[in-house]
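> Kindly generate the corresponding structure for this input.
(2 chains)
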Protein chains: 2
Amino acid sequence: MRKVSIIGVGQTRYGNLKDETLRDLIAEAGCKAIKEANIKRKEIQAFYLGNYDAVSFIKQNHLAPYGAGAIGLKDIPCIHVEGACSSGALAIREGIIAIGAGLYDIVLVVGAEKMNSLSTEDVTEILAQAGDYETELLAGATFPSIFGMIARRHMYQYGTKREHLAAVAVKNHSNGAKNPDAHIQKKVTFETVMECDRMVADPLTVYDCSLISDGASAVVLCATELVSNFCKKTIEILSIGQASDSFSMHLKDDITTFDATVKAANQAYKIAGLKPSDIDVAEVHDCFTIAEIIAIEDLGFVKKGEGGESSFSGLTSLTGEIPVNPSGGLKSKGHPVGATGVGQIVEIVRQLRDEAGLRQIKGAEIGLAHNFGGSGATAIVTILRRAN
Amino acid sequence: MRKVSIIGVGQTRYGNLKDETLRDLIAEAGCKAIKEANIKRKEIQAFYLGNYDAVSFIKQNHLAPYGAGAIGLKDIPCIHVEGACSSGALAIREGIIAIGAGLYDIVLVVGAEKMNSLSTEDVTEILAQAGDYETELLAGATFPSIFGMIARRHMYQYGTKREHLAAVAVKNHSNGAKNPDAHIQKKVTFETVMECDRMVADPLTVYDCSLISDGASAVVLCATELVSNFCKKTIEILSIGQASDSFSMHLKDDITTFDATVKAANQAYKIAGLKPSDIDVAEVHDCFTIAEIIAIEDLGFVKKGEGGESSFSGLTSLTGEIPVNPSGGLKSKGHPVGATGVGQIVEIVRQLRDEAGLRQIKGAEIGLAHNFGGSGATAIVTILRRAN
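Residues are numbered from 1 along each chain as shown, chains lettered A, B, ... in the order given. Presented below is the predicted three-dimensional model:
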């Protein structure tokens, strides 16, 4: 496969964006990325859109040409991919493959979701449809309850404590307070989180759950052999691994690890010729605080069972050994489902370009993004490097 | 890109399949294709699923690992693509690109839809979400009304008659009567169609509209350089073109032609080095009888405006100069939306292998499939050839 790089990124602010439609969000992110890449619309040869469920949120489907039209693109192949909360990374991966195949030189990828059109109860049910309807949702198992069980089991198996979960929330809110695109730009204290009695699904309180956000993120992908024509601050995609796991929770051997993450990460490390300790900065899929703890274990940043201590000890802070979720993560930057995987790449690109402002990781040269769907049935791990 | 061939196909019967879930349908089609290809599950390196809207039909999303699990596939990348009624061909195209890139050698593609879980009224609204919700569905414009307008305009502009539409229905029902997988396996007479007073959207009666079907179709794709290991009756994919058009009807210059079909066909003919007269058999997207008439014009089988006469004169019959929809088409074989594009390829493969039974086109060596989404915003044209 030909090598692929990123020559431009764009993003809306994430949040409860009452005045903006899905069309508006896609248009804003897409046009910003096109402008940053300094290309003309007609140079874009294909459009990939990551979106989870605009049908339920805004009664719109056939989403790729819908989104392309909003950006002013016409005629070119437009492809909508869905992979639950990993729809964004999935769209990027399909775009990379198409350039890798030599079919196109320049591809625009947008991830977007408009979620705040509905109530929290309805959103929770719509998200739960990324799990097994027949064996989980029908039994009342929405994602907070599933991740509550996962947290309890991790506590039982590895001695993870409530304090460990709280430390993830404190860190990610601290990072998000430094991100002008974040949904919640406000620090929270450890005491506030520990004293919170707004339980969602034991042991998870509202501080353990990611946000219901509107937003869109975009990247312009380009064959690496051609990037010198477009951009001075190129970011190379070294590898992008993808794997799957059993769709239903009851078929998993161990709910404290996500097999698909482990397999996708192993692919990505192998293709890039790197190991976990080579990563300077990571964005991981913290749909719940426990998910970040498990992610850093599954990605090999810490040993299995030792993820709990990481935020608490400062290992994953902006100045730690392996900074995790400098953007604020899904917890504080927000989680517009289809946008999330693309937004993680946007953050890594900004970090590797030294453009991340107050949350900049000094000297970051290699970054990793980890995006997963449902209760882990899809996982995608991408490794990127500053080229110049 | 590496060349890609088809080494196995599988299909459920299309119909109102009350006893079968979406899981059952995907499993049946996928397993039949795997068996026909004579491969083991572990040889499949990626799984692509075409599905339009299982969320609305059965409250299930995150569909690729859901479908993979039903077939007994695990670990491998699973990708769900959505392109309205062209979701199936879109999934095949993404699979072809991934093999073309050298990423995989063998890929399974399934297209599937379970639609009869809901009432006709609800299905019509769900399908209408493939059009522009803001400018069309909110104004009450569902697809029957849009295609009714298109038919009236084609009549006005080219003198197309009610009789011409009826002849398409008669031909496709005659073909479908010879297809054991078809939803309706029953001939209708010209008089019955002409006398029908069950108007759906003037001038379209129930005989002009495709069916609401459950069903699944599957193909196993393989790098052409490796097919000799697997299969004696290989079908080569010579080309697969894709293009887009304005998403909203009011932005089109001319509603009697589908720009995306014309562009996708031109790509496909050019890459294959062929012209319309080289095609021995075609499956085209007859979601309404008028759509078949426009398709054969846009694909270049007849001159613009002369599509109406084609079924009437016998040009497109099983023994005609260019047989169209030998399977019975969406009109009689049925239209389980996400399955349709894959099902068209299954039919062309069977025709080119001389395995189409009573509806076999004698000596067919080159076939074409045309699948489009919504009111034409996505179109995909595939050209296939018998290899041995």
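
> Only C-alpha atoms from now on, for both contacts and neighbour counts.
Will do.

> Check which element follows the helix or strand containing residue A:218 along the chain.
Assessed by DSSP states H and E, residue A:218 sits inside strand A:215-223. The element immediately downstream of strand A:215-223 (helix or strand, assigned by DSSP H and E) is strand A:235-244.

> Are the helix or strand that that following strand is followed by and chain B in contact anywhere?
Next helix or strand after strand A:235-244 toward the C-terminus (DSSP H and E): helix A:259-272. Yes - Helix A:259-272 reaches chain B (Cα under 8 Å from any Cα of the partner chain) through A:260, A:263.

> In contact with the closest residue to residue A:54 other than its chain neighbours, which residues are there?
Distance criterion Cα to Cα, 6 or more residues apart in numbering or on different chains; nearest residue to residue A:54, sequence neighbours excluded, is residue A:60 at 5.5 Å. Residues near residue A:60 by Cα atoms under 8 Å, 6 or more residues apart in numbering or on different chains: A:54, B:129, B:130, B:131, B:132, B:133.

> Secondary structure class of the residue lying closest to the last one once chain neighbours are set aside, three-state.
Read it as residue B:133. Among residues not flanking residue B:133 along the chain, residue A:60 sits closest, at 5.9 Å (Cα to Cα, 6+ apart). Secondary structure assignment for residue A:60 (DSSP: H, G, I helix; E, B strand; the rest coil): coil.

> So for stretch A:106-121, what gets flagged as buried?
Of the residues in stretch A:106-121, A:106, A:107, A:108, A:109, A:110, A:111, A:112, A:113, A:114, A:115, A:116, A:117 count as buried by neighbour count, 16 or more other Cα atoms under 10 Å in any protein chain shown.

> again, but for stretch A:376-388
For stretch A:376-388, a neighbour-count test (16+ other Cα under 10 Å) marks A:376, A:377, A:378, A:379, A:380, A:381, A:382, A:383, A:384, A:385, A:386 as buried.

> quick revisit: list the buried residues for the strand holding residue A:218?
A:215, A:216, A:217, A:218, A:219, A:220, A:221, A:222, A:223.

> now residue A:131: how far from residue B:123?
Remark: distance between residue A:131 and residue B:123 (Cα to Cα, to the nearest Å) = 24 Å.

> which one of these two has more residues nearby?
Legend: neighbour count by other Cα atoms under 10 Å in any protein chain shown for residue A:131 and residue B:123, higher for residue A:131 (29 against 16).

> Which single residue in the stretch 201-350 of chain A comes nearest to chain B?
In the stretch 201-350 of chain A, the residue that lies nearest chain B is residue A:244 (4.3 Å; Cα to the nearest Cα).

> Am I right that that residue is in contact with residue A:378?
Yes - in this structure residue A:244 lies within contact range of residue A:378 using Cα atoms under 8 Å: 4.6 Å.

> Give the residues shared as contacts by those two.
A:260, B:65, B:77, B:78.

> Just the closest residue of chain A to chain B, please.
residue A:101 (3.7 Å).

> Alongside chain B, which residues does the stretch 1-150 of chain A contribute?
A:1, A:55-56, A:59-66, A:69, A:74-84, A:90, A:94, A:97-98, A:100-103, A:129-133.

> what's the answer for the stretch 201-350 of chain A, then?
A:242, A:243, A:244, A:245, A:246, A:247, A:260, A:263.
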